[in-house]
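Undergrad: Output the structure for:
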Amino acid sequence: MRPRIFLSIIGFAGVVALPVVAGDTDARTAVPTFNHDIAPIIYSNCSNCHRPGEVAPFSLLTYDDAAKRAKQLAAVTAARFMPPWKAEPGYGGHFMNERRLTDAQIATIRAWATNGAPEGDASEKPVPPKFTNGWQGGEPDQVVAMSQPYSLPAEGPDQFRCFVIPLNAKEDEYVSEVEFRPGNHRVVHHAILFMDASGQASKREKVPGQGYDCVGGPGLAISGGLGGWAPGTTPSKLSEGLSQIIPKGADLVMQLHYHLSGKPEEDRSQVGITFSTTPPVKGLTLVTVGNASIDIPAGESNYVVKASATLPMDAEVLSVFPHAHYLCKDMKVDAKLPDGTVTPLIWIKDWDFNWQGAYRYESPIKLPRGSEIEMQYTYDNSASNPRNPSNPPREVKFGEQTTNEMAFTFVQVMLDSPTLVDAFQRDANAQFIASVLDGVIASDEISPQQKAQMQLLLNFFDKNKNGRIDAEERPALIEFLKKQMPRQ
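TA: Take a look at the predicted model:
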């Protein structure tokens, strides 16, 4: 049994004395103008989503677009609600494609709005950005799509839908680049791409091309992933020597988050796949850290969930993807090295389920064998939490629905050789199952047959008969599970 991957796609003052760069006006010496100061900020950080045909509710390409919303722009940037970038700066190294404004840029926007949002000298206005309408990464080798358009109503709650698309791989295939292309930018909020070699996803999709509901994840033991997409994401090729693998006969399971637009819409999204001509020389795999023993009392505002996983061999961390639902408010993930030192990986102090995604490091973080990846998530199930889906608050346990909660961190790592992936993954999967065993048994997220099998494991390895797998009982369970898992 492999761990489920519950992924679903990315994210978001005072004046500070800093050197003046594009978009950083010293408000003490000049009133900022749109053409000289604001346009560079907006074009670099906002217009990729805020333009015609995209998911953002309005465009920000012209002076008029911005000026009539000047106070709104000042407010949402000061609150760091926009641009949507959640990772704390300076914690965990530098991430690719950061969309975080500097304090000076935020102060510049505020000063511009406060002083009447002047347009400024037309000769100082930068050229508006140009956007590629076709495949941003070039023509892919294979294009797959939903077999028919999916219809969405005008109004209602956001939808999370999984669509199953055959990939028709007659043997394992190596992939160097994957690009998701939304069929309707007005409603596609984000996408997560899974693979299923078991055939379970196609059984869940009762009507081909129409998908099935999947809030927390695809609801099955997945066979790998092909990344994801959120507004502003640009495709990038994997580094030399790295490839993602499409298993023989696997289906693509495309989980889409739809945000309704106010009128009936249709979507038929696509995925472009570019294959590698040579096998990988490095291994690419995943560590899943998680805890399913979640039971948050109604009204509890500071409920803490912890979990950890130990690296069975040297690895380099490429990206990290924290995941919870609406009650989570704070996420911290670190790596504790064998010598006791701590390497920060990511800290999100204002988690927002609607702006989740993978954070990819500019430079991989090297971790030695025996390093523990530790996560600590904090949840707020009080009435003062504006994101609480229940009013009044109610008891919340582990599960896939938005009214349940989760606590997972998905860590993509690179190994020295692809031959190491099998042993690494069996160890990582065994650790994951051991860490969530007692919590999953108490939930309704697995079949009666799976629950019975896991109950047998709990009964045998729970030596002190307290109904859970304690720290001193985990090693024996992990070794047993490693021996039971089939080799790849």
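
Undergrad: so Y150 sits right up against Y212, yeah?
TA: No. Contact between Y150 and Y212 fails when scored by C-beta atoms under 8 Å: they sit 11.3 Å apart. The way it works is simple: take the backbone N, C-alpha and C, and place the C-beta from them, glycine included.

Undergrad: what do the two both touch?
TA: Counting by C-beta atoms under 8 Å, 6 or more residues apart in numbering, the residues touching both Y150 and Y212 are R161.

Undergrad: quick one: contacts of stretch 33-45?
TA: Here stretch 33-45 makes contact (C-beta under 8 Å, 6+ apart) with 22-25, 32, 50, 60, 63, 66-67, 83, 99, 101, 105, 108-109, 112, 117-126, 128-129.

Undergrad: now do stretch 49-61
TA: For stretch 49-61, contacts defined as C-beta under 8 Å, 6+ apart pick out 42, 46-48, 65-66, 69, 128, 131, 182, 185-189, 231-232, 259.

Undergrad: Mind doing that once more with 10 Å?
TA: Residues outside stretch 49-61 that contact it (C-beta atoms under 10 Å, 6 or more residues apart in numbering) are 38-39, 42-43, 45-48, 65-66, 68-69, 72-73, 82-84, 99, 128-129, 131, 133, 182, 184-190, 230-232, 258-259, 261-262.

Undergrad: who are the neighbours of the helix ranked longest in the chain, in terms of helices and strands?
TA: When the chain is parsed with DSSP state H, its longest helix is helix 421-441. Applying 3 or more C-beta pairs under 10 Å, 6 or more residues apart in numbering; DSSP states H and E, we find helix 421-441 packed against strand 283-290, strand 303-310, strand 408-415, helix 448-461, helix 474-484.

Undergrad: Now it: buried residues?
TA: 421, 423-441 (16 or more other C-beta atoms under 10 Å).

Undergrad: surely T277 meets S176?
TA: Yes. Counting by C-beta atoms under 10 Å, S176 is a contact partner of T277 at 8.5 Å.

Undergrad: Those two: who's more crowded?
TA: S176 (20 against 6; other C-beta atoms under 10 Å).

Undergrad: Got phi/psi on that one?
TA: Main-chain dihedrals, S176, degrees, to the nearest 10: phi -100, psi -20.

Undergrad: Let me know whether it touches S276 as I believe.
TA: Yes. Between S176 and S276 there is a contact under C-beta under 10 Å: 4.1 Å.

Undergrad: who touches both of these two?
TA: 141, 237-238, 240, 242-244.

Undergrad: Show me where the stretch 51-200 of the chain has its helices.
TA: 63-67, 70-78, 103-114, 200-204 (DSSP state H, counting those that start in this stretch).

Undergrad: Which of these sits closest to I346?
TA: Ranking the helices of the stretch 51-200 of the chain by proximity to I346 (C-beta to C-beta) places helix 103-114 first, at 20.9 Å.

Undergrad: Which residues belonging to the closest one are considered buried?
TA: Under the neighbour-count criterion of 16+ other C-beta under 10 Å, helix 103-114 has 104-113 buried.

Undergrad: Let's see that helix as CSV, backbone CA atoms only.
TA: Extracted in CSV, the C-alpha atoms of helix 103-114 (Å, rounded to 0.1, in the frame of the first residue of the first chain):
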residue,chain,number,x,y,z
ASP,A,103,8.3,46.7,2.3
ALA,A,104,9.4,49.6,0.1
GLN,A,105,7.2,48.6,-2.8
ILE,A,106,4.2,48.3,-0.5
ALA,A,107,5.0,51.7,0.9
THR,A,108,5.2,53.1,-2.6
ILE,A,109,1.8,51.8,-3.5
ARG,A,110,0.3,53.3,-0.3
ALA,A,111,1.9,56.6,-1.0
TRP,A,112,0.6,56.6,-4.6
ALA,A,113,-2.9,55.9,-3.4
THR,A,114,-2.8,58.4,-0.6
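
Undergrad: how many degrees apart are that helix and helix 70-78 in direction?
TA: Angle of helix 103-114 versus helix 70-78, following axes from the mean of the first three to the mean of the last three C-alpha atoms, to 10 degrees, is 160 degrees.

Undergrad: Past the lowest-mean-pLDDT helix or strand in the chain, which element shows up next along the chain?
TA: The weakest-scoring helix or strand in the chain, judged by mean pLDDT, DSSP states H and E, is strand 224-229 (a mean of 82). Scanning forward in sequence from strand 224-229 by DSSP states H and E, the next helix or strand is strand 244-246.

Undergrad: The following helix or strand past that following strand vs strand 224-229, what angle?
TA: The C-terminal neighbour of strand 244-246 among helices and strands, as given by DSSP H and E, is strand 251-258. Strand 251-258 and strand 224-229 are oriented at 30 degrees to each other (the same axes, to 10 degrees).

Undergrad: what are the pairing partners of strand 251-258, and which direction each?
TA: Sheet partners assigned to strand 251-258 using DSSP bridges are listed as strand 159-166 (antiparallel), strand 188-196 (antiparallel).

Undergrad: what distance separates it from the centre of its chain?
TA: When C-alpha coordinates are averaged (C-alpha atoms, centre = their mean, to the nearest Å), strand 251-258 and its chain have centres 13 Å apart.

Undergrad: same thing with stretch 454-461?
TA: In this view, stretch 454-461 has its centroid 32 Å away from the chain centroid, taken as C-alpha atoms, centre = their mean.

Undergrad: Stretch 436-454 too?
TA: On the basis of C-alpha atoms, centre = their mean, stretch 436-454 sits 25 Å off its chain's mean C-alpha point.

Undergrad: Show me how the record splits this protein into domains.
TA: Per the record, the chain has its domains at 34-124, 142-275, 283-484, by automatic domain parsing.

Undergrad: what's the least confident stretch among the ones you listed?
TA: Among these, domain 142-275 carries the lowest mean pLDDT, a mean of 88.

Undergrad: Helix, strand or coil: sort out the residue most central in space within the chain for me.
TA: Centroid-nearest residue in the chain, with C-alpha atoms, centre = their mean: G357, separated by 1.9 Å. What DSSP: H, G, I helix; E, B strand; the rest coil gives for G357 is coil.

Undergrad: Count the residues that sit near the closest residue to L284 other than its chain neighbours.
TA: Counting by C-beta to C-beta, 6 or more residues apart in numbering, L242 is the residue found nearest to L284 once chain neighbours are left out, at 5.5 Å. Using other C-beta under 10 Å, L242 has 19 other residues around it.
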